[in-house]
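Trainee: predicted model and sequence below, questions to follow.
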Amino acid sequence: VEKNHAEKREPAQAIERGEMAHAHIFAMRVGRRRAQASHRTRGLDARASACHRRARMPEKMARSVATFVGTFVISAGSFAACSSSSDSPSIIQGTDGDDSSATTNDAASDANPSADGSSGDSAVDAGSLIELDLTGCPQSGYNAPFSIGGSEFALTVDTGSSDIGVVSASCGANCPGITPVYTPGATATDQDQTATISYSSGAGWSGEIFSDTFSPSAGVAPQTKLVEIKNQTDDFFASESCGLGTIPISYQGIAGFGVASSASAGVDAPMKALTGAGLPNIFSLALCGLGGKMWLGGFDPASASAAPKYTPLLSGFYYNIKLNDFSVGGAALGLNAGAIGEVDIDSDTTELELPQSVYNALKAAIGNDSAFTAHFGGPSFFANGDCIVPLDSTAPTPDALDAALPTITLMLDDGAGGSTALTLNATTSYLEPITVSGVTKYCPEIEPSGSSSTIVGSSFVRSQVVIYDVAGSRVGFAPYAGCAVR
């Protein structure tokens, strides 16, 4: 039994099914899926109503042990699940990058520089860039439409896991109310392997591995090894919603856009399949308070109001970067990369999750600001975790709050001994405005991680296009103005 990120892992176990004529893959993982039993009060009526927030477990990937007819293969990974979409993708002009797949077990070595040693610029035209409309929100997670075997499904886009799984017709009564469902057809080939994935929360799924077409757009449909989910445990397909419980979100599976080499044995990571079909090894996300955009093969420079700020992508099982400090209202907190710890940019975590000492410093710097105290009562706002209407009688708009409250700046390591400042306004970082029936409440988006590591979740980068430039071994942030809901 190992311990990491303040959560106990269960040891991986290899299971050999003697009665099975084909191989069985058993992956016991501590995934980054939310804990299904965890609810946070969101302060709807006298703090009596609860909205299920994504309390995903900020843990390292546990070992996955695969059994191929008695032969053990070790891999690593994590998994998560969320929401829905029905929008069709569009094709716009695309970008540079190399399309070869990763062979080693970390994010930085998944990069594939071009022959001349340069990675190119992810906004330079070199082909077709695929643009997808996202549905969902920070609380539910975000979904994109993908076609599997010719049928469209809403799959959660998760940068903290690397597998593809879709609910099967065979799941039946074990997966009630989940539609549409996947039925392998003429394009599918059974791989004679099964996969079982479990989480420390108790949730999980199991099913058969098939090779089938996986397509984000017409003309791009590589044969991809994915899982036909036949069984879920402990509400893996739990109900999700946005708007403090007022907007139901549905989903039928997961597309883990995490580090490709962290996919389960026998399963293809989405980007491995798509780069094999010719797309550059770059994708980008613009996550809004409701909905957003995803680009495969680069990003659309017309969507950003300024050039991206890049920071090196570090080795690891997740998309890790280095932060040198935070500043609040222009005043540095005097932290360092050692205190902030490993930093994971993760689309399927909601908040900015911080080591306790960093959380305390940031909470005090923001909470003790006089304007913040007038509107939200001080540092206790973050500890209470409630979504509230500002305490004063002025009913300020998000724009008015941004003008009054301190900004927060992430000091991104520039890879050359210095820092690049990424400055965010209050209501697109540490406060999330949610309007229901004409009333806007504000939710805190900073919390302790319970570990020595930091996770930058989706709510904290709602004003940004986040560019996962694996080909160039870097992560970029560009200001995004396309959110109808911030």
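Mentor: Nice, I can see it. Only a predicted model underlies this, so the values are computations on that prediction, with no experimental measurement involved.
Trainee: hey, let's count contacts and neighbours off CA atoms from now on
Mentor: OK.
Trainee: neighbours around the closest residue to residue 184 other than its chain neighbours, how many?
Mentor: In space, and not counting its chain neighbours, residue 184 is closest to residue 149: 7.0 Å by Cα to Cα, 6 or more residues apart in numbering. Other residues near residue 149 number 20, with proximity taken as other Cα atoms under 10 Å.
Trainee: tell me the contacts of residue 149?
Mentor: The contact partners of residue 149, by Cα atoms under 8 Å, 6 or more residues apart in numbering, come to 184-185, 187-188, 212-214.
Trainee: got a list of contacts for the helix or strand containing residue 372?
Mentor: Counting by DSSP states H and E, the element that carries residue 372 is helix 370-376. The contact list for helix 370-376, computed with Cα under 8 Å, 6+ apart, reads 366-367, 378-379, 390-392, 404-405.
Trainee: one more time with 7 Å, if that's ok
Mentor: Identification of contacts with helix 370-376 by Cα atoms under 7 Å, 6 or more residues apart in numbering yields 366-367, 378, 390-392, 404-405.
Trainee: I figured residue 255 hits residue 156, correct?
Mentor: Yes - between residue 255 and residue 156 there is a contact under Cα atoms under 7 Å: 5.7 Å.
Trainee: more neighbours: which of the two?
Mentor: residue 156 (33 against 28).
Trainee: ok, what's across the strand from the more buried one?
Mentor: residue 143, residue 254 (DSSP bridges).
Trainee: my guess is it contacts residue 143, does it?
Mentor: Yes - between residue 156 and residue 143 a contact is recorded at 4.2 Å, counting by Cα under 7 Å.
Trainee: quick revisit: now do the helix holding residue 372: distance to the chain's middle.
Mentor: For helix 370-376, the separation from the chain centroid amounts to 31 Å (computed by Cα atoms, centre = their mean, to the nearest Å).
Trainee: who's in contact with the helix or strand that that helix is followed by?
Mentor: Remark: after helix 370-376, the chain's next helix or strand is helix 380-384, criterion DSSP H and E. By Cα under 7 Å, 6+ apart, the list of residues contacting helix 380-384 from outside reads 363, 444, 446.
Trainee: check stretch 163-180 too.
Mentor: With Cα under 7 Å, 6+ apart, stretch 163-180 has contacts from 153, 181-183, 226-232, 252-256, 263-264, 267-270.
Trainee: buried set for it?
Mentor: 163-171, 175, 178, 180 (16 or more other Cα atoms under 10 Å).
Trainee: out of the contacts of residue 149, which end up buried?
Mentor: 184, 188, 212-214.
Trainee: excluding chain neighbours, give the residue nearest to the most centrally placed residue in the chain in space.
Mentor: Taking Cα atoms, centre = their mean, the centroid of the chain lies closest to residue 347, which sits 2.2 Å from it. Once flanking residues are discounted, residue 347 sits nearest to residue 458: 4.9 Å by Cα to Cα, 6+ apart.
Trainee: pLDDT wise, what is that neighbour at?
Mentor: With respect to pLDDT, residue 458 has a value of 93.
Trainee: same question for residue 151.
Mentor: The per-residue pLDDT reported for residue 151 equals 96.
Trainee: quick check: chain neighbours aside, which residue is closest to it?
Mentor: In space, and not counting its chain neighbours, residue 151 is closest to residue 182: 7.7 Å by Cα to Cα, 6+ apart.
Trainee: report how many residues lie close to that neighbour.
Mentor: Residue 182 - counted by other Cα under 10 Å - has 24 other residues nearby.
Trainee: got it, and residue 189?
Mentor: Neighbours of residue 189 under the rule other Cα under 10 Å: 15.
Trainee: thought it was touching residue 209?
Mentor: No - distance between residue 189 and residue 209: 8.8 Å, which falls outside the contact criterion (Cα under 7 Å).
Trainee: buried sites along stretch 334-344?
Mentor: For stretch 334-344, burial by neighbour count (16+ other Cα under 10 Å) applies to 335, 339-344.
Trainee: mind checking which of the contacts of stretch 163-180 are in helices?
Mentor: Counting by DSSP state H, the part of the contacts of stretch 163-180 found in helices is residue 270.
Trainee: endpoints of stretch 265-282, how far apart?
Mentor: From its first residue to its last, stretch 265-282 covers 23 Å (Cα to Cα, to the nearest Å).
Trainee: hmm, back to that, next up, the contacts around the residue nearest to residue 151.
Mentor: 166-169.
Trainee: one more time with 8 Å, if that's ok
Mentor: Each residue near residue 182 by Cα under 8 Å, 6+ apart is listed here: 148, 151, 166-169, 228.
Trainee: need these in TSV (columns: secondary structure and distance to residue 301).
Mentor: Output for those, formatted as TSV (DSSP: H, G, I helix; E, B strand; the rest coil; distance: Cα to Cα, whole Å):
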residue	secondary structure	distance to residue 301
148	strand	29
151	strand	31
166	strand	32
167	strand	35
168	strand	38
169	helix	40
228	strand	36
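Trainee: can I get those in TSV including distance to residue 315?
Mentor: Shown next, in TSV, are those (distance: Cα to Cα, whole Å):
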residue	distance to residue 315
148	31
151	36
166	29
167	32
168	35
169	39
228	31
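Trainee: ok, so of those, who is nearest residue 398?
Mentor: Of all these, residue 166 has the smallest distance to residue 398: 37.9 Å, by Cα to Cα.
Trainee: enumerate every residue touching the closest residue to the closest one other than its chain neighbours.
Mentor: Leaving aside its sequence neighbours, residue 166 sits nearest to residue 253 (Cα to Cα, 6+ apart; 4.2 Å). By Cα under 8 Å, 6+ apart, the contact list for residue 253 reads 81-82, 153-156, 164-167.
Trainee: quick check: residue 261 vs residue 184, distance?
Mentor: Counting by Cα to Cα, the separation of residue 261 from residue 184 is 26 Å.
Trainee: repeat that for residue 143.
Mentor: As for residue 143, its distance to residue 184 is 22 Å (criterion: Cα to Cα).
Trainee: what's the answer for residue 471, then?
Mentor: 33 Å.
Trainee: and stretch 391-405, average pLDDT?
Mentor: Here the average pLDDT along stretch 391-405 is 92.
Trainee: tell me which element the nearest residue to residue 281 once chain neighbours are set aside falls in.
Mentor: Sequence neighbours aside, residue 471 is the residue nearest to residue 281 in space, at 5.2 Å (criterion: Cα to Cα, 6+ apart). Using DSSP H and E, residue 471 falls within no helix or strand.
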